[in-house]
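Visitor: any chance you can model this:
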Amino acid sequence: MDFLKLEKIISSVCISAGYELVEIDIARSKSGDKLTVYIDNLGKITIDDCVKVNNLIEQKTEIDSFFSNNYTLEVSSPGPKRPLKKIEDFYRYKGRKIKIVSSSFYENKKNIFVGEIEDIENNFIKINDSGKLYEINFSDIEKANLNI
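Guide: Below is the predicted model of the structure:
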């Protein structure tokens, strides 16, 4: 399966409808696959938004070719622990509490950070974790999400 091509199709559907594609997830099982699409619109997603995007995605019959088995489609809000995937996400949530898991260790011991985004500069996320400021290179981030 060409995951990037699938993501591009779904992203174009979301953008044309006025939504942001946060991420897609595919869960495989013997009974069939499940495609979950997480959308956002400035943190305000309703069930009607999910139904609207679900119907638009279902109209894209080329998506069926990405699955060899039956699959179900679910469109959802990313929830209060929204993943932060792009550098723009960090700008949008500056001042908010987040959690970052880094592929690099800082001070030779720490790779998980929880705190507020203080600033973003030259692809470094400055996070205040328990009163100490860390500068995490965006390229080192394995996973990040809002932490409420």
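Visitor: how does the chain divide into domains?
Guide: According to automatic domain parsing, the chain comprises the domains 3-76, 87-146.
Visitor: for the longest strand along the chain, which outside residues touch it?
Guide: Longest strand of the chain, by residue count under DSSP state E: strand 110-121. Contact with strand 110-121 is made by 87, 90-91, 93-105, 125-130, 133-134, 136, 147, as judged by Cβ atoms under 8 Å, 6 or more residues apart in numbering. (Glycine included, C-beta is placed from N, CA and C.)
Visitor: among those, name the ones in strands.
Guide: Residues of these located in strands (DSSP E): 97-105, 125-129, 133-134, 136.
Visitor: which of the residues you listed are buried? Put it as a ChimeraX command.
Guide: Of the ones in strands among the contacts of strand 110-121, the buried ones go into a single ChimeraX selection, burial set by 16 or more other Cβ atoms under 10 Å:
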select :98,99,100,102,125,126,127,128,129,134,136
